[in-house]
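In: how would this look folded up:
(2 chains)
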Amino acid sequence: MVGGYTQSPGGFASPAMSQGGEKKGRTRATQIIPCTVSQLMSASQAEEAFRVGDVEVAQVTIVGVIRSTDKSMTNIQYKVDDMTGAPMDVKQWLDTEDPSVDSNVLSPGTYVKVSGNLRSFQNHRSVVAFSVRPLEDMNEITSHMLEVVQAHMVLSKPQTTLGVTGGMSSKVVPISKPGGMGGSYAGANDMANNGLSANQNQVLSLIRSCPEPQGISLQDLKQRLSGISLVIIKQAVEFLSNEGHIFSTIDEDHYKSTDNDD
Amino acid sequence: MAAILDVPKTRINCSMLSQHINKPVCFVGRVEKVHPTGKTFTLSDGEGKIATVELNDPLEEEMSGVVEVIGMVSNKGGIMATTYNMLREEKGISRDLELYNEALKVVHDFPQHYPFEVASSG
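Out: Residues are numbered from 1 along each chain as shown, chains lettered A, B, ... in the order given. Sure, this is the predicted structure:
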């Protein structure tokens, strides 16, 4: 082991492989997942981990309106209501030595986005927040609702091929594309084991098949995938890019696949 | 009044009103007309349909723009509001009601991913 900085393939392979191994099987607990209060309240708990259905949740975001506030020396406790259930307790610790931390108590009636960890104490659920931000654009409420559905849908995807799980895919198929495209699913099924949804797989295979050095543009994707809306394509692109399947090239609208063997 | 805040309030638009009679709901819409008494007003939702809202106490302030009303749906298809929340249009970014309407449809299409009730925890 002379020269610790040489790129020994063994050293690089193992972390990559363990990451790949984890990705195939279950969702990582390192994700931050948009949720509703009702999901957090009804999440099952297994030792340290919480699950909402099939989705393991640890860090969450919720969007709701502040119903009440309670400030003490070390923390602020809010009750945040997002219409799906009783208001959720949200605790935000105050760093008394750090003046830059926002110690202004947000008033009831304010819509906020809370990012934090789900906690359960004596069967009482609460969120310990590292960020409580008042919403400036009310469309964020709309966006959060959609993100909740999308995140849970994507993360709950069973690992079996799409064709087999008639129950799940029958919901997805009518929305994403007309029935005529059913034939192309056969090819997508082989790649479905990577945990991507039908849309994401389609987007990914299109990006993969593009031979141009600057990659394929969002406009091209939209044209070729006429059954999928631009919003869904953009979501798929963002997800694929976060997962490392694709990267942007000349600008944010052009993408290339990371594993381009074509 | 506090009781309604502790139960799930389904988000709905006008076409879903009839399915939620006598249930607590959350309705988001743009203020159309305010009755002179201040006790009722009409809201339009993202599809352009109108809903009537009745309040327990008359309005004390000018109501305009997009508001969020929480209340029970009456037999006539109106909403008996217990509380409302005016969504301020800060910095000129107004709430896109058509987009919210589309989101409502998605949310109702996937109740398993956006539950409006608290299941008993395992």
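In: okay, now the unreliable bits of the stretch 51-200 of chain A?
Out: The model of the stretch 51-200 of chain A has pLDDT under 70 over residues A:96-103, A:157-194.
In: and stretch A:249-262, which residues are buried?
Out: Using 16 or more other Cβ atoms under 10 Å in any protein chain shown as the test for burial, stretch A:249-262 gives A:249, A:253-257. Heads up, the C-betas are built off the backbone N, CA and C, glycines and all.
In: check those residues and tell me the two furthest apart.
Out: A:Asp253 and A:Ser257 (15.5 Å; Cβ to Cβ).
In: establish whether the worst-scoring helix or strand of chain B on mean pLDDT and chain A are in contact.
Out: The helix or strand of chain B with the lowest confidence, counting by mean pLDDT, DSSP states H and E, is helix B:2-5 at a mean of 69. Yes. Using Cβ under 8 Å from any Cβ of the partner chain, helix B:2-5 reaches chain A at B:Leu5.
In: what sits up against that helix?
Out: If you take Cβ atoms under 8 Å, 6 or more residues apart in numbering or on different chains as the criterion, helix B:2-5 is touched by A:67, A:81, A:86-87, B:24, B:70-72, B:82-83.
In: adding distance to A:Glu243 and secondary structure, write these out as a markdown table.
Out: Shown next, in a markdown table, are the contacts of helix B:2-5 (distance: Cβ to Cβ, whole Å; DSSP: H, G, I helix; E, B strand; the rest coil):
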| residue | distance to A:Glu243 | secondary structure |
| --- | --- | --- |
| A:Arg67 | 37 | strand |
| A:Asp81 | 33 | strand |
| A:Ala86 | 35 | coil |
| A:Pro87 | 34 | coil |
| B:Pro24 | 40 | strand |
| B:Ile70 | 39 | strand |
| B:Gly71 | 43 | strand |
| B:Met72 | 45 | strand |
| B:Thr82 | 45 | strand |
| B:Thr83 | 42 | strand |
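In: buried among these? Make that a PyMOL selection.
Out: Selecting the buried subset of the contacts of helix B:2-5 in PyMOL, with 16+ other Cβ under 10 Å as the burial test, is done by:
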select buried, (chain A and resi 67+81+86+87) or (chain B and resi 24+70+71+72+82+83)
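In: pick the one among the contacts of helix B:2-5 closest to A:Leu221.
Out: A:Asp81 (38.7 Å).
In: the closest one and A:Ser131, how far apart?
Out: For A:Asp81, the distance to A:Ser131 equals 18 Å [Cβ to Cβ, to the nearest Å].
In: from B:Phe41, how far off is the residue most central in space within chain B?
Out: Taking Cα atoms, centre = their mean, the centroid of chain B lies closest to B:Phe27, which sits 1.1 Å from it. Going from B:Phe27 to B:Phe41 by Cβ to Cβ gives 12 Å.
In: what sits in contact with each of those two?
Out: B:Val53.
In: re the thing from before, among the buried residues of stretch A:249-262, which are in helices?
Out: Nothing among the buried residues of stretch A:249-262 maps onto helices, per DSSP state H.
In: A:Val112: which of those residues is nearest?
Out: Nearest member of the buried residues of stretch A:249-262 to A:Val112, counting by Cβ to Cβ, is A:Asp253, at 32.2 Å.
In: what residues sit buried inside the longest helix along chain B?
Out: In chain B, with assignment by DSSP H, the single longest helix is helix B:97-109. By neighbour count on 16+ other Cβ under 10 Å, the buried set for helix B:97-109 is B:97, B:100-104, B:106-108.
In: run through who's touching the strand or helix carrying A:Ser115.
Out: Secondary-structure element containing A:Ser115, defined by DSSP states H and E: strand A:111-121. With contacts defined as Cβ under 8 Å, 6+ apart, strand A:111-121 is touched by A:32, A:40, A:43, A:45, A:50, A:57-66, A:78, A:80, A:90, A:92, A:106, A:125-135, A:138, A:140-141, A:144, B:87.
In: list buried residues within the residues you listed.
Out: Applying 16+ other Cβ under 10 Å to the contacts of strand A:111-121 flags A:40, A:43, A:50, A:57-66, A:78, A:80, A:90, A:92, A:106, A:125-127, A:129, A:132-133, A:135, A:138, A:140-141, A:144, B:87 as buried.
In: among these, which are in strands?
Out: A:50, A:57, A:59-66, A:78, A:80, A:90, A:92, A:125-127, A:129, A:132-133 (DSSP state E).
In: residues of the stretch 1-150 of chain A that sit close to chain B?
Out: Residues of the stretch 1-150 of chain A lying near chain B (Cβ under 8 Å from any Cβ): A:36, A:38-39, A:41-45, A:53, A:65, A:67, A:81, A:83-87, A:109, A:111, A:123, A:136-139, A:141-143, A:145-146, A:148-149.
In: kindly recompute the last result at 7 Å.
Out: Counting by Cβ under 7 Å from any Cβ of the partner chain, the stretch 1-150 of chain A comes close to chain B at A:36, A:38-39, A:41-44, A:65, A:67, A:81, A:83-87, A:109, A:136-139, A:142, A:145-146, A:148-149.
In: filter those down to the ones in helices?
Out: Using DSSP H, these in helices are A:38-39, A:41-42, A:139, A:142, A:145-146, A:148-149.
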